[in-house]
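# build me a model from this:
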Amino acid sequence: MSQATRMRKRHRFNTRMTRIILLISLFFFLGRFVYSSIGAWYHHQEKKQAQQSGLSVDYVEPSSPKIN
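Just a heads-up that it's a prediction; the model follows:
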């Protein structure tokens, strides 16, 4: 009977620890997801801004032909 009680307590402890570890892992996963999403958004904004400024700088008006 004492062995059954020990096994039951050990099982409860393992289940509790498993839940705690999974919860901590979930927090890490969500934190990394939010961090990478913010970084990707900033990268996208910078890329969009560089494209817009690059288009305005690259445009050159054709010059009229010179007659000598």
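
# okay, now the unreliable bits of this protein?
Across the chain, the ranges flagged by pLDDT under 70 are 1-10, 55-66, 68.

# where do the strands of it begin and end?
Per DSSP state E, the chain carries no strands over any range.

# burial count for Ile21?
10 (other C-beta atoms under 10 Å). Where you see a C-beta, it was placed from the backbone N, CA and C, and this is true even at glycine.

# over to Phe13?
10.

# repeat that for Ile20.
By other C-beta under 10 Å, the residues close to Ile20 number 10.

# for Met17, same thing?
10.

# ok, now Arg16?
10.

# Leu22 versus that one, what's the distance?
Applying C-beta to C-beta, to the nearest Å, the value for Arg16 to Leu22 is 11 Å.

# one more: Trp41?
28 Å.

# try Val34
Counting by C-beta to C-beta, the gap from Val34 to Leu22 is 19 Å.

# what's the answer for Asn14, then?
12 Å.

# and what of Ala40?
26 Å.

# pull the number of nearby residues for Ile38.
Neighbour tally, Ile38, other C-beta under 10 Å: 10.
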